[in-house]
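S.K.: One predicted model, sequence on top.
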Amino acid sequence: MHTSPLVLAKDLCFGYGERRILDGVSFEVPRGKVTALMGASGGGKTTVLRLISGQYRAQSGQLLFDGQDVGALAQPALYLARRRMGMLFQFGALFTDLSVFDNVAFPLREHTDLGEELIRDVVLMKLQAVGLRGARDLMPSEVSGGMARRVALARAMALDPELIMYDEPFAGLDPISLGTAARLIRQLNDSLGLTSIIVSHDLEETFRIADQVIILANGRIAAQGTPDQVRQSADPLVHQFVTAAPDGPVRFHHPGPDVASDFGASAPRQPRGRA
């Protein structure tokens, strides 16, 4: 039995031009657990997913997947590593001209030599796991947003990955669909022995199903631990995030020239209270 983390980041640095997104970030993703990556928008959460999958390469530091440095892998080895990963994109990203069945079958047809009869059995099993075996012949335009997200989850599981990454799996869902999706992520993680990484802004539902939470802010990790430990963090930015407070380190106005320098004598009057 493996005791080492499935994903390990060591002093990870990445940016766009002069803008540093990740600045010496280190963390572990334990096997068999649900890890949540959270923080304000633009904090580097989706960037971390892209580094794990090898879409981006770290500018310094290491991103290890099962002991392999993803950024150092040649293309054939990277493709083999990606086959051990599943990805649920924002809003599902289903192929609109393919049926539910064919969406789930797509990775099997692309990456395996399985015959159509066996592919049919695998697809129906994956759809059964997400409660949509009866929707196999529908088109994406004929299913709800919550159902589309579950179809996308079945597709992400098609190749029996060890790691599934979820990019905003709860965005745009009604409360019933959101709760269903969250329970499904937790149940599938435990029953199939998966490792899951969730990027989400939905604090309540994500904290309910996560084993560990990592809060990214200003290019670094502001807090890391169990949901309860993160809730109790004394860091002002973490406190602002978990309480949704309007005042704190994350400000409403983007940094820029003061109002007087832009408008001169015609500067608009500032409202009383918070700027």
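M.R.: Done, it's in. Residues are numbered from 1 along each chain as shown.
S.K.: For S196, which three-state class applies?
M.R.: strand (DSSP: H, G, I helix; E, B strand; the rest coil).
S.K.: Can you give me the neighbour number for it?
M.R.: 25 (other CB atoms under 10 Å). Every residue, glycine included, has its C-beta placed from N, CA and C.
S.K.: What residues are bridge-paired with it?
M.R.: Judged by DSSP bridges, the bridge partners of S196 are V34, I164.
S.K.: All the helices of the stretch 101-250 of the chain, in order from the start?
M.R.: Here the stretch 101-250 of the chain has its helices, by DSSP state H, counting those that start in this stretch, at 116-129, 145-156, 175-191, 203-209, 227-231, 236-243.
S.K.: Tell me which of the ones you listed lies nearest to G44.
M.R.: G44 lies closest to helix 236-243 among the helices of the stretch 101-250 of the chain, at 14.0 Å (CB to CB).
S.K.: Which strands or helices does that closest one pack on?
M.R.: Helices and strands touching helix 236-243, by 3 or more CB pairs under 8 Å, 6 or more residues apart in numbering; DSSP states H and E, are strand 212-217, strand 220-225, helix 227-231.
S.K.: out of these, deepest packed?
M.R.: strand 212-217 (a mean of 23; mean count of other CB atoms under 10 Å).
S.K.: Run the chain-centre distance for that strand.
M.R.: Counting by CA atoms, centre = their mean, to the nearest Å, strand 212-217 is centred 12 Å from the centre of its parent chain.
S.K.: pLDDT averaged over that strand - what is it?
M.R.: Across strand 212-217, the average pLDDT comes to 91.
S.K.: which other helices and strands contact that strand?
M.R.: Looks like strand 212-217 contacts strand 19-29, strand 34-38, strand 220-225, helix 227-231, helix 236-243 (3+ CB pairs under 8 Å, 6+ apart).
S.K.: Relative to that strand, what are the paired strands and their orientations?
M.R.: With DSSP bridges as the test, strand 212-217 pairs up with strand 34-38 (parallel), strand 220-225 (antiparallel).
S.K.: Point out the one among the helices and strands packed on strand 212-217 that comes closest to L64.
M.R.: strand 19-29 (9.7 Å).
S.K.: Outside of stretch 108-118 itself, list whatever touches it.
M.R.: 83, 119, 122-123, 158-159 (CB atoms under 8 Å, 6 or more residues apart in numbering).
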